[in-house]
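Peer 1: quick one, structure for this:
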Amino acid sequence: MNDRSPTLLVADTGRGNEAAILNAALAAFGAQGFNGASMREVAKGAATSLSNLYNYFPSKSRLLAEVLRHANAELEARVRRAVADAGDDATSRMREAVRAYVGFVVDQQLAMLVSTAEVRYLQGEDRARLVADRDRTQAIFADIVEQGVAGGEFRTPHAADAARAILSMVNAVATWYRPDGRLSRGQLAEQHARYALALLEAPLPRA
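Peer 2: Next up is the predicted model:
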């Protein structure tokens, strides 16, 4: 845990030290960046040996890829659960999707910052998998936009770009959020849900 992410990203995976290694790697990448962080530092943070670390992850890039995979999987799962529990209308589904996304950004701020800043170091299959993961999450929002436009709930003339604009907005929260800020986690999530609905030119709930 750290000041920017009060909860661990990876719970017990059932594979020995793997969760501790992934959480230590996230902390190291967040503090030092991909180039600055060393495998030795990660091993120390996970309270394991360097040789044991290499038993789990053969390279630093593979370790980064796995950290980001866990982050994206948790984010996607939260958004999908929120949408499934929302009403059938597009407005309710978008509101809950945005609220869930912002909640993740607040809970895992460091993971979001690392995901944005360090992704450029992934190559080949690792990068392709990450892009596919992100595309699935964006598709949830794009499908809701399509539903809302088709049903007349969303009046935006820019439907094709709306999902990307909403995700850009909520991703940016990680760059400035502070736990001691004037808005609570719930208030921040609700505020950004209203921003998203306004962008879509949807009916807004009473404040």
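Peer 1: please count neighbours and contacts with C-alpha atoms only from this point.
Peer 2: Fine.
Peer 1: how many residues are close by residue 84?
Peer 2: Neighbour count of residue 84, defined by other CA atoms under 10 Å: 13.
Peer 1: tell me which element it is part of?
Peer 2: Using DSSP states H and E, residue 84 falls within helix 60-85.
Peer 1: quick one: distance of that helix to the chain centre.
Peer 2: Distance of helix 60-85 from its chain centroid, counting by CA atoms, centre = their mean, to the nearest Å, is 7 Å.
Peer 1: packing partners for it?
Peer 2: Helix 60-85 sits against helix 18-36, helix 90-107, helix 109-118, helix 124-150, with contacts defined as 3 or more CA pairs under 8 Å, 6 or more residues apart in numbering; DSSP states H and E.
Peer 1: dump the residue contacts of the residue lying closest to residue 30 once chain neighbours are set aside.
Peer 2: Spatial nearest neighbour of residue 30, excluding adjacent residues (CA to CA, 6 or more residues apart in numbering): residue 114 at 5.8 Å. Residue 114 sits next to 26, 29, 30, 33 when contact means CA atoms under 8 Å, 6 or more residues apart in numbering.
Peer 1: redo that, cut-off 10 Å
Peer 2: Neighbour list for residue 114: 26, 27, 28, 29, 30, 31, 33, 34, 64, 67, 68, 71 [criterion: CA atoms under 10 Å, 6 or more residues apart in numbering].
Peer 1: can you check residue 26 too?
Peer 2: 1, 8-10, 20, 32-34, 37, 42, 63-64, 67-68, 110-111, 114-115.
Peer 1: can you pull the contacts of the residue in the chain sticking out farthest from the centre?
Peer 2: What lies farthest from the middle of the chain is residue 51; by CA atoms, centre = their mean that is 30.5 Å. Each residue near residue 51 by CA under 10 Å, 6+ apart is listed here: 39, 40, 43, 57, 58.
Peer 1: TSV for those, including neighbour count and secondary structure?
Peer 2: Shown next, in TSV, are the contacts of residue 51 (neighbours: other CA atoms under 10 Å; DSSP: H, G, I helix; E, B strand; the rest coil):
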residue	neighbour count	secondary structure
39	20	helix
40	14	helix
43	22	helix
57	18	coil
58	11	coil
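Peer 1: any idea which of the residues you listed is closest to residue 91?
Peer 2: Distance to residue 91 across the contacts of residue 51 (CA to CA) is lowest for residue 57, with 42.8 Å.
Peer 1: residues in contact with residue 52?
Peer 2: By CA under 10 Å, 6+ apart, the neighbours of residue 52 are 17, 18, 21, 43.
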